[in-house]
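[1] Fold the following.
(chains A, B and C)
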Amino acid sequence: MMHTVLFIIFAVVCVAAAINLLAQRHPINSALSLIVVMGSLALLYLLLGAEFVAAVQIIIYAGAIMVLFVFTIMLLNAGEEELSKSSRVAIVFGVPAVAVIVAALAYILSRGAGTAALGDFIGGPKEIGRLLFRDFLLPFEVTSVLILIAIMGAVVLARREER
Amino acid sequence: MGEISTIHYLVVAAALFAIGTIGVLTRRNVVIILMSIELILNAVNLNLVAFSRMHGQLPGQVFSIFIITDAAAEAAVGLGILIAFFRNKETINADEVDLLKW
Amino acid sequence: MQTFAAQFANAHDLMVVMPMVMLTLFACGVLIIDLLLPAGDKRWNAATAALGLLFAGGSLWRVQATLAHQGMLGVSAFNGSVVMDPMAIFFCWLFLIATGITILISVRYMEIEQEDHGEYYALMLFSVVGMMCMASGKDIVLLFIGLELMAISTYVLVGFLRRDKRSNEAALKYLLLGAFSSGIFAYGLSLMYGLSGTTDVTLIGRRLAGLPESSHPILMLAVVTTLAGLFFKIAAVPFHQWAPDAYEGAPTAITGFMSVAGKAAAWALLLRIFAFALRYEQTIWMPMVIAVAVMTLTGGNLAAMTQNNLKRLLAYSSIAHVGYMLLGLVAWNETGIKGILVYLLVYTFMNLGAFAVIVSLRRRDLIGDEIDDIAGLWFKRPVEALLMVIFLLSLGGIPPLAGFYGKYFIFLSLIETGHYVLASLAVFYIAVSLYYYLRIINAMLMRPALDAEPIQPAFGLRLALWVTALATVGIGLFPEIFIRAAAWTMTAPRAVTQAFLR
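    Numbers count the residues shown, from 1 in each chain, chains lettered A, B, ... in the order given. Have a look, this model is predicted:
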């Protein structure tokens, strides 16, 4: 019962914040909505028994990535987006489009997955660590290269002219 | 509504996926397009964690950690490109990306 | 009793991925050497990167020799997340060759652009690491991370000319659409994981085949989203919008690199997913592939006819070439897969050669990527003009040249499987493609040059031109020798076909 109530609350908050992200005209409001999405998702992960992913979600997404976003919005001094004619048309078609896509996906998913019950609790950080360093060792190492190029790329692109 | 099962989580993920897709296709502000892409990746993660619980095994959760890392890398590079672009152009609206046809 | 460390990885695992390790080490080496070099004298960066390619090639050769020696069809490592089979090795060689030629083209070009930083070569090597993961990954996690490693390094490379607005915009557009398509692709992968409960592509294929009828709608959704992501990456119509812009705005050498190595890597990923994860879902994906192939052939060829920018024209022509390769996928037999692999191989040489000629037009005061800029090349540099004619005719598929053999196998496979309508459509589009290739040739040979400024290609560029031209002509004249020499590698299509023909 507790699970049902918590799920409904956070699922509704999550989707509402996502819609708000698109509805807002100022990027900083969208960024704050995105933080709400991230936070409620982290709670959904907790409900699913994935504590480690929930923690990573908060630390990396809500912490690191969102700081990057907010910082960029500040740096670029991004103002409100003006509405052009085509973007009004996009809003008129966008809202029903979301509804249609969600309905179609929900239908497909419910036909397919049915009412597959949630399994039992499956393990915490210890087991995840073991998987990361054994079965997924190579992707893990390649990810370190990925992060290196991300750092390098951001520095290369954003550094000031030296000549 | 009854007992919460995997399907309910999948529908939430599908909603995030749809909202993200529409955001990418309709918004003009590049920062918001990047946020919409983050929404799509979050939908993927919710899928993975829910399926992981359904199958009772962890690789799904591990995959979602990889995707979070990748999202961080993508956001860093994306915002770096945006800053380089802004220096030359002083706009962040995607439809003012006009030297090359959109 | 295993030691603690041996639980995680051992010497055998390391040997299998040694090419990637070498590339990573040398890329880090380039970054360090770059700090020691004085500004304006950065050629050692390129030399270090080239040395890294040699070492990677050496270790790849060792893997290949081990395979041949033990008569195995593939060796896997890291608990089955990576497998070096003939197809993976074939693609790894392709990436190394393409990168080597790109480095030769780049040295002088990046000096002219005043962006000759070490990061350029390091990013190129890192992106090859990602490509190798895409070609040899057997686990969707590794395949996805490899894809992202390649994609993110390419975004940065496309935007490497920071002072050039076109480069900024191209990078931005490429990043937005690339990240979007990666997200859709990942959504498809997550559904596949959900349906099968495993991340191993072979197991996914087996378990998807055994799904109950009620799961088919969700399977359909998984296949559609995965394919949409893959079609984005190979730039097939209607998912191609990023390609002309990214190709036009990127540094020309990188345009060449993306159009051959990046495309080959996306094909490696696509073949891996199709031949393993989706090998029993033909009824779902075949109609989509046929529709996309026809649209790609039509869209690419027709759009190329109206272009006046050489890089944009070659971008649309490369989209059209993807259309031919997709026809090999439609045939989906041994000849078809072989056709795709041969096509990618010959395309590497002829397309890089054509881009090398465009690079040679770049001067301090001239970008040199319009058709007007190549006009009268025959009167300035007859040799380069002649080589360009060879590359363009080969791209058009004229018989004695290499490009013919790519198309030959594709047509053969179409006729073998009875797709006569598609085959005649493809022949028709070859005629169309000759029109726009001949337009460039006409400009080079018949029109006078717009200025008298001499063109002086650097040594590396000329070397790259001769290598690509020799390969284009050589493969065309002696296909048997080439195929026999590559006989072992050509077990690649057999290994793929064995996966689905039984």
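[2] Skipping adjacent residues, who's closest to C:M110 in space?
    Nearest residue to C:M110, sequence neighbours excluded (CB to CB, 6 or more residues apart in numbering or on different chains): C:D116, at 4.2 Å. Every C-beta, even on glycine, is put in place using the N, C-alpha and C of the backbone.
[3] Would you tell me which residues of the stretch 1-150 of chain C are close to chain B?
    Within the stretch 1-150 of chain C, the positions near chain B by CB under 8 Å from any CB of the partner chain are C:I140, C:V141, C:F144, C:I145, C:E148.
[4] can you put these in JSON lines and add distance to chain A, neighbour count and pLDDT?
    Below are the residues of the stretch 1-150 of chain C next to chain B laid out as JSON lines (distance: CB to the nearest CB, whole Å; neighbours: other CB atoms under 10 Å in any protein chain shown; pLDDT from 0 to 100):
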{"residue": "C:I140", "distance to chain A": "10", "neighbour count": "29", "pLDDT": "94"}
{"residue": "C:V141", "distance to chain A": "5", "neighbour count": "26", "pLDDT": "95"}
{"residue": "C:F144", "distance to chain A": "8", "neighbour count": "26", "pLDDT": "96"}
{"residue": "C:I145", "distance to chain A": "5", "neighbour count": "30", "pLDDT": "96"}
{"residue": "C:E148", "distance to chain A": "6", "neighbour count": "30", "pLDDT": "95"}
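[5] would you turn those into CSV with secondary structure and distance to C:G336?
    Listed next are the residues of the stretch 1-150 of chain C next to chain B as CSV, based on DSSP: H, G, I helix; E, B strand; the rest coil; distance: CB to CB, whole Å:
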residue, secondary structure, distance to C:G336
C:I140, helix, 24
C:V141, helix, 29
C:F144, helix, 26
C:I145, helix, 29
C:E148, helix, 29
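[6] and which of these is nearest A:M74?
    Closest approach to A:M74 among the residues of the stretch 1-150 of chain C next to chain B (CB to CB): C:E148, at 27.3 Å.
[7] any idea what sits nearest that closest one, other than its immediate chain neighbours?
    Spatial nearest neighbour of C:E148, excluding adjacent residues (CB to CB, 6+ apart): B:D70 at 4.8 Å.
[8] count of neighbours near that neighbour?
    For B:D70, the neighbour count with other CB atoms under 10 Å in any protein chain shown is 26.
[9] what does stretch C:353-365 contact?
    With contact meaning CB atoms under 8 Å, 6 or more residues apart in numbering or on different chains, stretch C:353-365 is reached by C:101, C:105, C:109, C:112-113, C:252-253, C:255-256, C:259, C:310-311, C:314, C:368-369, C:373-374, C:377, C:381, C:384, C:387-388, C:390-392, C:395, C:453, C:455, C:457, C:461, C:464-465, C:468-469, C:472.
[10] Centre of the chain to it, how far?
    20 Å (CA atoms, centre = their mean, to the nearest Å).
[11] how about the residues of the stretch 1-150 of chain C next to chain B, which pair is most distant?
    Spanning the widest gap among these are C:I140 and C:E148, at 12.4 Å by CB to CB.
[12] intersection of neighbour lists for those two?
    If you check C:I140 and C:E148 against CB under 8 Å, 6+ apart, no residue is contacted by both.
[13] follow-up on the earlier one: of the contacts of stretch C:353-365, select the buried ones using a ChimeraX command.
    Restricted to buried positions by 16 or more other CB atoms under 10 Å in any protein chain shown, the ChimeraX selection for the contacts of stretch C:353-365 reads:
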select /C:101,105,109,113,252,253,255,256,259,310,311,314,368,369,373,374,377,381,384,387,388,390,391,392,395,455,457,461,464,465,468,469,472
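[14] what's A:V12 in contact with, if anything?
    If you count contacts by CB under 8 Å, 6+ apart, A:V12 has none.
[15] tell me the pLDDT at it?
    For A:V12, the model assigns a pLDDT of 94.
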